[in-house]
Structure formats: C-alpha cells, structure tokens
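[1] Provided below for reference: sequence and predicted model.
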Amino acid sequence: MSAYSAARSSTLRPRSVRQPLNRAAHYTVATIIALLFLFPIAWTILRSVQTLSVAGSGVGPQMFQGLTFDNYTALQDSGVSLWTYTANSAIVALGTTALTTVVATLAGYGLARLRFPGAGAVFVLLLVPFMVPFQGILTPLFTLMNTLGLTDNLIGLVFVYTTFQLPFAIFVMRNAFSTVPKELEETGMIDGLSTFGILRTLLPMVTPGMATVALYAFIFAWNDFLAALILITSQNSFTLPVALVNIQSGQFGQVDFGVLSAGATVATIPCLIAFLLLQRYYVNGLSAGAVKG
Amino acid sequence: MFFVAPMVLMFWMSLNNWPLLGAVQKFIGGANYAEAVTDGTFWNSVLFTMKYTLIITPIELFLGYALALIVRRRFRGVAFFRAAYFAPVVVGFASGAYIFLLLIQPESGLFDQILQELGITSAPLPWLTDSNFALFTVVLMITWKTLGTSIILLMVGMQSVPEEIREASLMDGASWFKREWFITLPLMRSSVALVLMLNLTGSFLAFDQFFVMTHGGPNQSTVTIVMWIYTNAFVRYRLGYSAALSILLLVLLVIFTVAQIRALRDRSEES
C-alpha cells in the first residue's frame, strides 16, 4: 500500500480501527508497560505473605509456596500494634477528608455565588499557600504547632493537612458551584429558602466535586510522611508511614523485611482501593488543575 | 449573615497557613544566614537537588509523553491501562520507597533475583551503596511512581487538540512525526508547561523518598535541600538555622518558579 492510500483509508475508517498488526503491537506494548507498573505493588503484597526463604528462592512457582500471615502477626506484636498505626492513619485521613470537604464546600459556594467585599482578594490569598508547599515552612510550622500545643496530636495533624489541601479543594468546589445554573438558586430564593437551604439543594449537583476533594484529601493525608514525622513524637500516635520507618531502622534488632512488606502492604491497599473505586474523580481533579494552569 | 461563615473559615485557613516565619532566635541577626552561605552541606544539597531535578524531569516528560500516546485513544480496555499506569501515584512516596526498598534487597528482593536468573548480573547490584547508583535507584522509583500523573495530564492535553486539524494534516500527507511535532505539541503547550512545572517543583522539594531509601547516604551524597532543613531542625535541634535555610529555600523556589513561568510564557508568545 502506498503511503498515500494508507493515509486515505485510515481517514475514511473510524479512528479506533487500525490495521490488525498495529493493534496487536499496541496491546502488547501497553500490556508490558502495565505489568511494569503494577508488579512492584503486586510483588510487595505477595512478599508480605511469603517466608524469607521463599522470597529468596528466585522467580517461579515456588514463590507461592507456604504462604503465611506470619509477617502480619509479627507486625501486630511489634511496637504498639499494627492496628494502632492503621487506626491513627485512618483517623487522620478521614478527619482531614471530612474537614476539607466541609470547609471547601462552604467556601467554594461562598466564593462562587455570594457577593461580599474582598472576594477577589480572598481568592488570591487562597492561591498563596497553594504555591508555597509545606516543605518550605517546616520549621515555623513546627514552632507554631508547638505553641498551640498541637504537636504529637492527631487532631493537630488533621488541621495541618486540611490547611494544605484547602486551596486546591476550594478551587475545585468553586468551579463546581459556578457550573450550576443560576435558575436553581433563583428558584430556591423565590421559595424563601435561606442561604444554607439553597446550598443544600445544590449539593447533589456538586457531588462529583466533593468526591474529588474527598479523594485527594484522603490520599494526601494517608500517605503524608514529612508532616507526620515532624509533628508526631510518641509511638502510640504514629501514622503508618512513620511507623514503617521505625521498622526499617531496625528498631527490633535485625531489619525484618517481611514485616516491612506487610506494613507497606497495609499502607498501600486502602489508597489503591479508594483509587479504583473513585478513579474518575481523580482524573477530574487533575483536569481541574490543568484548566487553571 | 451567612456570608460570614465561609469567609471566616477562609480567613482561619489563611491564618493557619502563614505561621510566624523566620524564627531567628536570640537575635543573632543575620548570623544564621551568614552561616548558611558558608555551609558546605547546604550548597551540596542545593547542587544535588538540582542535579536530581534536572535528571528526572526530562525523563518524566519524555516517558510521560510516550505513554500518553499509547493510552490517549479509546480502545477496548483502555480504562484498565490508564488505571494501571496511574496506580503507583496513589501509593504515596514513603510507601513507594518501601516497595522499592523491598525489591532491591540483595537476598530477598526481586530485582537482583531476576537479573541473576536472566544471567545479566552475577552478584547483587549496589542499589544504594554507590552514590550514583543510589541516585539512579531513587530516580527509578520516582519515575515509576509519578509517571501516571504526567501521563494523564498530557493525555488530557492531547485530547483537547481538535481532531479536524490532525485529520486535515493527514490528508495533506503529513507523516505521524510531523503531525505530533508541529501540530499536536504546540497546541498542548499549556499541558506540557503544567507537567513541567509540577515535576520541577515537586522534585525540588523531594524528601520522603530520599529519607526512606538512602537516608541521605551513602556518605551524605544524596541529601536534598529539604532533608538538610529537616536534619537541622529535628536532629541537630537548630530551629533558628533551619528556619533561615527554609527561607533560603523559599527564595530559591520563587526564583525557580518565576524563571519557569517566564521561560514558558516567552515561547508561547512567540508562536
């Protein structure tokens, strides 16, 4: 086929139908790459239920022999139990999610719809923390939290995480609200609803935005390491990432990588699940950011 | 009346986020800054951070673009592939670091086992014990973990290029490469710019992965700026000095960001 006729025929056919060889190659490459991306996670999960000898015995069917949850039990018994750390992470993550979502919804609505003096200025003020990442203000952050007596306190962590998620979250919610048709609000006003009442009727329409905000907040809070490392000092309150560091530094004598892999698995799975369930909200959030950029 | 509620919340937020900067304690004035200027480790960390950033950003951009090409059209199962490429992103930097740490263990880790079974190597590789290799290992991990974001962002950018333009150029006989380079890419400028900025800034502030995987080793050769700030504040308990370093970091960051914006804006104004 000459290049010209090949070009012609592919514009006449629907875009998604390519020549079979192309398609096969396409799928093969895509799959290989997908495997590359997925195997580290998959392997960590597998590793967490292997014994040490199996892990070192090379790749092959023997990898699946003698699977056991020993690592998890060891993790449970070490330090303060695994469930404490997980619960801590959960508290922080869920707290951040809830707080961020609520505040962002209110603030987003305020910015999108309500006229009040200085709205523009507030919006700009909002963008500032967006541009200054918290790694840049570590020290003063710690000092501030210390003064407020909020160090070593999971609630303090929630506040910090919320603060850093809010600019993005408010931005998303504001966008969400501004796409709601004004007629709905006007109907509400005619019916004599208060501002909060109106807000409540609009909620179903901005649920995707709220889901996006919640998802981002959860993942951020669950995975964060630096802030948790700095602000939490007593073992009882450690979140998962920080607890894993302790295991890694061999707090219990020799570093037990089996235990570490169990810990890593526990740290990884909730986010994966959250992501799988709510994928499109994640992409949603990225596009929101992209539009702004 | 109900105006106040959102407004108050917003003010509370901005208050929370702007803590008292510059805890230059005990009024030693600019002494901290003077020390920072002569601090070898600090400047090493700046150099290292830049080096790391400059290595990883082009890799992310090219690979991200290449992989975005694969998943930008709708075909059966594309959702699976997009999700697969993106999955590592939600794992978290610390978790990702641990995952990789497990993979590179000499006896029980998968990487060395596979390489040895395939006959490529005969002994475990110095994943973290050699300075340059350590950097390579971290770059590998980060690439794995963050490509998803770049892929999706670039993909969205690609999809926003109107189909008619591409088809028109096809009819004119333009090769695939020409189409990408002269039509798609320029129209995706803002996506590319965004990905570039996210990667550059993110890499500049890297901490988690280095802390977990290398602890700044071997021999302090992989210390990033943020890690040095952290070390000064919480290991050496020098909060004032650390604050001074933080401010320097912020200044660098601002310069960096402004430079990026300028460079990217100039080019788009040209076209």
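    Arrived safely, thanks for sending.
[2] in the chain, which helix or strand is least confident?
    Just going to use chain A. Least confident helix or strand of chain A, by mean pLDDT, DSSP states H and E, is helix A:3-12 with a mean of 43.
[3] in whichever helix or strand comes after that one, which residues are buried?
    Per DSSP states H and E, helix A:3-12 leads on to helix A:20-48 as the next helix or strand towards the C-terminus. Buried residues in helix A:20-48, defined by neighbour count with 16 or more other C-beta atoms under 10 Å in any protein chain shown: A:30, A:33, A:34, A:37, A:40, A:41, A:43, A:44, A:45, A:46, A:47, A:48. From N, CA and C alone the C-beta is placed, and that goes for glycine too.
[4] same check, this time on stretch B:65-81
    B:65, B:67, B:68, B:69, B:70, B:71, B:72, B:75, B:81.
[5] so who does the last one touch?
    What it means is residue B:81. Applying C-beta atoms under 8 Å, 6 or more residues apart in numbering or on different chains to residue B:81 gives the contacts A:30, A:31, A:33, A:34, B:70, B:71.
[6] pLDDT below threshold where in the chain?
    By default, I'm working from chain A. A:1-19, A:52-63, A:65-66, A:75-81, A:113-141, A:143-144, A:147, A:150, A:249-255, A:284-293 (pLDDT under 70).
[7] the intended chain is chain B.
    B:1-34, B:217, B:239-240, B:264-271.
[8] mind redoing it with 50?
    B:1-3, B:11-27, B:269-271 (pLDDT under 50).
[9] what segments of it are helices?
    B:4-16, B:31-38, B:40-71, B:78-86, B:93-103, B:110-117, B:131-159, B:163-171, B:176-179, B:185-187, B:189-204, B:208-213, B:225-230, B:239-270 (DSSP state H).
[10] hey, which of those helices is tucked in deepest?
    helix B:93-103 (a mean of 27; mean count of other C-beta atoms under 10 Å in any protein chain shown).
[11] in the stretch 1-150 of chain A, what residue comes closest to chain B?
    residue A:110 (2.9 Å; C-beta to the nearest C-beta).
[12] one step back: which one of the buried residues of stretch B:65-81 sits closest to residue A:64?
    residue B:81 (26.1 Å; C-beta to C-beta).
[13] state the distance from the closest one to residue A:223.
    For residue B:81, the distance to residue A:223 (C-beta to C-beta, to the nearest Å) stands at 23 Å.
[14] if we can go back for a sec, and the buried residues of helix A:20-48, which two are furthest apart?
    Farthest pair in the buried residues of helix A:20-48, by C-beta to C-beta: A:30 and A:48, 28.1 Å.
[15] before we move on, back to that, what would the buried residues of helix A:20-48 look like in JSON lines with distance to residue A:156?
    Listed next are those as JSON lines, based on distance: C-beta to C-beta, whole Å:
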{"residue": "A:30", "distance to residue A:156": "45"}
{"residue": "A:33", "distance to residue A:156": "41"}
{"residue": "A:34", "distance to residue A:156": "40"}
{"residue": "A:37", "distance to residue A:156": "36"}
{"residue": "A:40", "distance to residue A:156": "33"}
{"residue": "A:41", "distance to residue A:156": "31"}
{"residue": "A:43", "distance to residue A:156": "36"}
{"residue": "A:44", "distance to residue A:156": "31"}
{"residue": "A:45", "distance to residue A:156": "32"}
{"residue": "A:46", "distance to residue A:156": "37"}
{"residue": "A:47", "distance to residue A:156": "34"}
{"residue": "A:48", "distance to residue A:156": "31"}
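[16] ok, and which of those reach chain B?
    A:30, A:33, A:34, A:37, A:40, A:41, A:43, A:44, A:47 (C-beta under 8 Å from any C-beta of the partner chain).
[17] between these, which sits nearest residue B:38?
    Looking across those and measuring by C-beta to C-beta, the closest to residue B:38 is residue A:40, at 41.8 Å.
[18] ok, that closest one touching residue B:100?
    Yes: here residue A:40 reaches residue B:100: they are 6.8 Å apart, a contact under C-beta atoms under 8 Å.
[19] mutual contacts of these two, please.
    residue B:144.
[20] and the closest residue to residue A:69 other than its chain neighbours, what does it touch?
    Excluding its sequence neighbours, the residue lying closest to residue A:69 (C-beta to C-beta, 6 or more residues apart in numbering or on different chains) is residue A:49, at 6.3 Å. Contact analysis of residue A:49 by C-beta under 8 Å, 6+ apart lists A:67, A:68, A:69, A:71.
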